[in-house]
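*Asks:* what would the 3D arrangement of this be:
(chains A and B)
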2 protein chains.
Amino acid sequence: MTGPRYTKLVESLPATVPFVGPETQERARRRSFAARLGANENIFGPSPHTIEAMAKTARDIWMYGDPENHDLRYALAAHHNVSPQNIVVGEGIDGLLGYLARMLISPGDPVVTSDGAYPTFNFHVAGYGGAIHKVAYKGDHEDPDALIAKAQQTKAKMIYLANPDNPMGSWHGEKTIATMVANVPDGTLLVLDEAYLELAPDGNAPAIDTTDPRLIRMRTFSKGYGMAGARIGYAIGEESLIKSFDKIRNHFGVSRISQAGALAALGDQPYLADLRAKVADARHGLAQIAADNGLTPLPSAANFVTMDCGRDGDFARAVLKELISHDIFVRMPFVAPHDRCIRVSCGRPADLATFADVLPKALAAAKG
Amino acid sequence: MTGPRYTKLVESLPATVPFVGPETQERARRRSFAARLGANENIFGPSPHTIEAMAKTARDIWMYGDPENHDLRYALAAHHNVSPQNIVVGEGIDGLLGYLARMLISPGDPVVTSDGAYPTFNFHVAGYGGAIHKVAYKGDHEDPDALIAKAQQTKAKMIYLANPDNPMGSWHGEKTIATMVANVPDGTLLVLDEAYLELAPDGNAPAIDTTDPRLIRMRTFSKGYGMAGARIGYAIGEESLIKSFDKIRNHFGVSRISQAGALAALGDQPYLADLRAKVADARHGLAQIAADNGLTPLPSAANFVTMDCGRDGDFARAVLKELISHDIFVRMPFVAPHDRCIRVSCGRPADLATFADVLPKALAAAKG
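*Replies:* Below is the predicted model of the structure:
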């Protein structure tokens, strides 16, 4: 018996996983992590109102969610002072990036990103056969000028930029971003991933111009709002672009519980403000721990601190391995020269204390 | 400024919605439905253990769900007596059908389904440019022989069959399905959608042979387990086919709450048995109401009863319109000759009483 006939494209793809989850590691280790600081999750958790809204919706889960995500889209539109027709809600930014790649990318189509930027974007682009052109970071920052130049040169259909950036935590001010947007070539779409924006200092997001068809902005409830497991994010963009998602999206794809939770989370801005303060404290705490151990903490506008271990990638990988063997779940940048660093997510004081306790041992073992 | 350059395929697609949700209708009507009997949701709701598991997981939602869906896959494997490598969990059957279409369909590739069968399957196939070949139902049943013959003739990459069928509620016994599977041409994949199987009488599912690469079976927690809003389903198939989903799926796409709920739901089989009895009672009740009003209820193995209104599609559409204007959310088959029917989902005694109260008025108005 002969199996199914895959498309040539799918046949050529590796069976890959952009990230190995901490649960997978725990199963392999046969031991739980003592601190979960590797996936930039929001350990402080969602607001009590959000938890309550989700728990309350559990009994209504027999109903499909609203495929239009109407109430949430309208609330988001009011929040951002745009039209509901400028917003599409989807299964996290990951899900929306997948839809976007499908909308724009045929085999061979050029796409520009930074070498070392978000691998899940690349996963989706490669999954539709796109040709990924990478430009180097400029130091620890993504390089808007180089991205634009490469897009012009390759006639790219998309440019990816995250602000704040993951995995480096660096960021650009709103003027730099606005200038970059102004320079996007016609026919190119800038995918501005603002997953961490709610946690960044003010002044890093240009005003939202929903008439510009060259820009789409990705936001999520996974980070600032503490709902990573709920798989809900949204994109803001020009109306015809947003409407195009309706051609291909899984219309009933967003959980009813996630819709209810996101609506409650958006409505609890005081909690978000409090959380921003907690995350800022944790960034300071992590930076201090790094410095105390001879590492160089990079400035961060996100809910993690990337720490320069001061040697090469092999050394940082050894540090990472030791941290994991001491039950600390952390990750690190994949490519040089950023792989000289480890990346540690913000946590509660107890999580930081655990990390502070383990880090010197991990460094000693890695050096030894 | 020029907008993004879509693929030719996406450019050619209509901005479509396979189903208009009841909430959309309620907003347009500016009035809530009194009975929600249109989407084959499980109004009896999920088991208390399922609700409890989901509510409890709400506070953990800051964590991404396990991208391997490990615990659920292992529980499902034990439940079905197959290997975990034969199971992929995804964002409902809709999500899995989308992945499957992406894996197999390039523009122009032939696919076979029944005229009037599940439109979301067609949505996904068309979304990848597939050429959909439709065969007629044989009476109110999908026609396995005709589907196989058409697949042979067109060299189809996929055949779609739902057992039990939606929207007619008809079904085939396990011997008929097993014979059909045996006749699937090499290189063709039979997509056996068993969304309603948990609600059907026993004897309608052939034994699971996970060595056959020509068959994939789709299951869901939306219907029997009452979790439509959670977006979680799974597919059972031959190992290399299942593994191929890892090439393209949104690895973190399933909500952590949905994973926890599904695991609890699967573990509460006594609740499912009780629910099957309730659904069977509701089928009898709906059939009686239909008969009392001069309609012909079709035999059903699912959680709905399709009722032959005895005239043409225009008449049934008029009945549907009247039911909706009397605050009953129902749907009906899209194509002739099935559009002589309306389709009413099983509900609680109070839902059925509301329907029984309104149906004579709706029929009178439609006739008048």
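*Asks:* flag every buried residue along whichever helix or strand A:Tyr99 is part of.
*Replies:* Using DSSP states H and E, A:Tyr99 sits in helix A:92-104. Burial within helix A:92-104, assessed by neighbour count using 16 or more other Cβ atoms under 10 Å in any protein chain shown, is assigned to A:92-104. Any C-beta I mention is one placed from the backbone N, CA and C, and that applies to glycine too.
*Asks:* which other residues reach that helix?
*Replies:* A:88, A:90, A:120-121, A:124-125, A:127-128, A:130, A:157-158, A:189, A:191, A:193, A:195, A:216, A:218-220, A:222, A:231-235, A:244-245, A:247-249, A:253, B:4-7, B:10, B:250-253 (Cβ atoms under 8 Å, 6 or more residues apart in numbering or on different chains).
*Asks:* try stretch A:307-327
*Replies:* Here stretch A:307-327 makes contact (Cβ under 8 Å, 6+ apart) with A:25, A:29, A:31-35, A:286, A:290, A:294-298, A:330-332, A:336, A:339-344, A:358-359, A:361-363, A:365-366.
*Asks:* tell me the phi and psi of the closest residue to A:Pro333 other than its chain neighbours?
*Replies:* Counting by Cβ to Cβ, 6 or more residues apart in numbering or on different chains, A:Pro333 lies nearest to A:Pro167, which is 4.4 Å off, once chain neighbours are set aside. Phi and psi for A:Pro167, reported as degrees, to the nearest 10, are phi -100, psi 10.
*Asks:* list the contacts for A:Pro167?
*Replies:* Going by Cβ under 8 Å, 6+ apart, A:Pro167 touches A:Gly116, A:Phe304, A:Thr306, A:Arg331, A:Met332, A:Pro333, A:Phe334, A:His338, A:Cys341, A:Arg343.
*Asks:* which among those residues count as buried?
*Replies:* Using 16+ other Cβ under 10 Å as the burial test, these include A:Gly116, A:Phe304, A:Thr306, A:Arg331, A:Met332, A:Pro333, A:His338, A:Cys341, A:Arg343 as buried.
*Asks:* let me have those in a markdown table, extended by secondary structure and pLDDT.
*Replies:* Output for these, formatted as a markdown table (DSSP: H, G, I helix; E, B strand; the rest coil; pLDDT from 0 to 100):
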| residue | secondary structure | pLDDT |
| --- | --- | --- |
| A:Gly116 | coil | 97 |
| A:Phe304 | strand | 98 |
| A:Thr306 | strand | 98 |
| A:Arg331 | strand | 97 |
| A:Met332 | coil | 97 |
| A:Pro333 | coil | 97 |
| A:His338 | helix | 97 |
| A:Cys341 | strand | 98 |
| A:Arg343 | strand | 98 |
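*Asks:* returning to that earlier point: for chain B, state which of the contacts of A:Pro167 is nearest.
*Replies:* Nearest to chain B among the contacts of A:Pro167: A:Arg331, at 12.5 Å, using Cβ to the nearest Cβ.
*Asks:* right, and that closest one touches A:Arg36 too?
*Replies:* No: with contact defined as Cβ atoms under 8 Å, A:Arg331 does not count as touching A:Arg36 (11.1 Å).
*Asks:* tell me the residues of the stretch 201-350 of chain A that contact chain B?
*Replies:* A:212-214, A:222, A:226-231, A:238, A:240-241, A:243-244, A:246-248, A:250-258, A:261 (Cβ under 8 Å from any Cβ of the partner chain).
*Asks:* narrow the residues you listed to those in helices?
*Replies:* Judged by DSSP state H, helices contain the following of these: A:Ser240, A:Leu241, A:Lys243, A:Ser244, A:Arg256, A:Ile257, A:Ser258, A:Gly261.
*Asks:* need the residues you listed in a markdown table with neighbour count, pLDDT and distance to B:Asp314, can you?
*Replies:* Shown next, in a markdown table, are these (neighbours: other Cβ atoms under 10 Å in any protein chain shown; pLDDT from 0 to 100; distance: Cβ to Cβ, whole Å):
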| residue | neighbour count | pLDDT | distance to B:Asp314 |
| --- | --- | --- | --- |
| A:Ser240 | 12 | 96 | 36 |
| A:Leu241 | 24 | 97 | 39 |
| A:Lys243 | 14 | 96 | 32 |
| A:Ser244 | 24 | 97 | 34 |
| A:Arg256 | 23 | 98 | 35 |
| A:Ile257 | 32 | 98 | 40 |
| A:Ser258 | 31 | 98 | 40 |
| A:Gly261 | 34 | 98 | 43 |
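*Asks:* quick check: the farthest pair among those residues?
*Replies:* Greatest spatial distance among those (Cβ to Cβ): A:Ser240 and A:Ile257, at 31.0 Å.
*Asks:* how is chain A partitioned into domains?
*Replies:* A:8-45+A:270-367, A:48-268 (automatic domain parsing).
*Asks:* point out the most buried one among those.
*Replies:* Counting by mean count of other Cβ atoms under 10 Å in any protein chain shown, domain A:48-268 has the highest mean neighbour count of those, with a mean of 21.
*Asks:* let me see the contact set for the residue nearest to A:Met227 when sequence neighbours are not counted.
*Replies:* Excluding its sequence neighbours, the residue lying closest to A:Met227 (Cβ to Cβ, 6+ apart) is A:Phe221, at 4.2 Å. A:Phe221 sits next to A:Met227, A:Ala230, A:Ile232, A:Gly233, A:Ser258, A:Gly261, A:Ala262, A:Ala265 when contact means Cβ under 8 Å, 6+ apart.
*Asks:* for the fourth one, which non-adjacent residue is spatially closest?
*Replies:* Pointing back at A:Gly233 there. A:Gly233 sits nearest to A:Thr220 (Cβ to Cβ, 6+ apart), 3.7 Å away.
*Asks:* quick check, central residue of chain A?
*Replies:* A:Ala195 (5.0 Å; Cα atoms, centre = their mean).
*Asks:* confirm for me that it is in contact with A:Met218.
*Replies:* Yes: counting by Cβ under 8 Å, A:Met218 is a contact partner of A:Ala195 at 6.7 Å.
*Asks:* need the overlap of contacts for these two.
*Replies:* Here A:Ala195 and A:Met218 have A:Ile93, A:Gly233 as joint contacts, going by Cβ under 8 Å, 6+ apart.
*Asks:* rewinding a little: can I get the contacts of A:Phe221 in CSV with distance to A:Pro110?
*Replies:* Shown next, in CSV, are the contacts of A:Phe221 (distance: Cβ to Cβ, whole Å):
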residue, distance to A:Pro110
A:Met227, 34
A:Ala230, 34
A:Ile232, 31
A:Gly233, 25
A:Ser258, 34
A:Gly261, 38
A:Ala262, 34
A:Ala265, 37
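*Asks:* which one of those is nearest B:Asp351?
*Replies:* The nearest member of the contacts of A:Phe221 to B:Asp351, counting by Cβ to Cβ, is A:Ser258 at 26.6 Å.
*Asks:* on that earlier part again, ok, so of the ones in helices among the residues of the stretch 201-350 of chain A next to chain B, who is nearest chain B?
*Replies:* Nearest to chain B among those, counting by Cβ to the nearest Cβ, is A:Arg256 at 3.1 Å.
*Asks:* quick check: the gap between A:Ser32 and A:Pro22.
*Replies:* Separation of A:Ser32 from A:Pro22 (Cβ to Cβ, to the nearest Å): 9 Å.
*Asks:* next one: A:Val89
*Replies:* 27 Å.
*Asks:* please see if the helix or strand of chain A with the lowest mean pLDDT touches chain B.
*Replies:* Lowest on mean pLDDT, DSSP states H and E among the helices and strands of chain A sits helix A:22-29, with a mean of 94. Yes: interface with chain B: helix A:22-29 contributes A:Glu23, A:Thr24, A:Arg27 (Cβ under 8 Å from any Cβ).
*Asks:* okay, these in CSV with distance to B:His49 next?
*Replies:* Shown next, in CSV, are the residues of helix A:22-29 next to chain B (distance: Cβ to Cβ, whole Å):
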residue, distance to B:His49
A:Glu23, 22
A:Thr24, 26
A:Arg27, 24
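*Asks:* distance from the chain centre to the helix or strand A:Ile324 falls within, please.
*Replies:* Element membership of A:Ile324 [criterion: DSSP H and E] is helix A:313-325. The gap between where helix A:313-325 is centred and where its chain is centred comes out at 23 Å by Cα atoms, centre = their mean, to the nearest Å.
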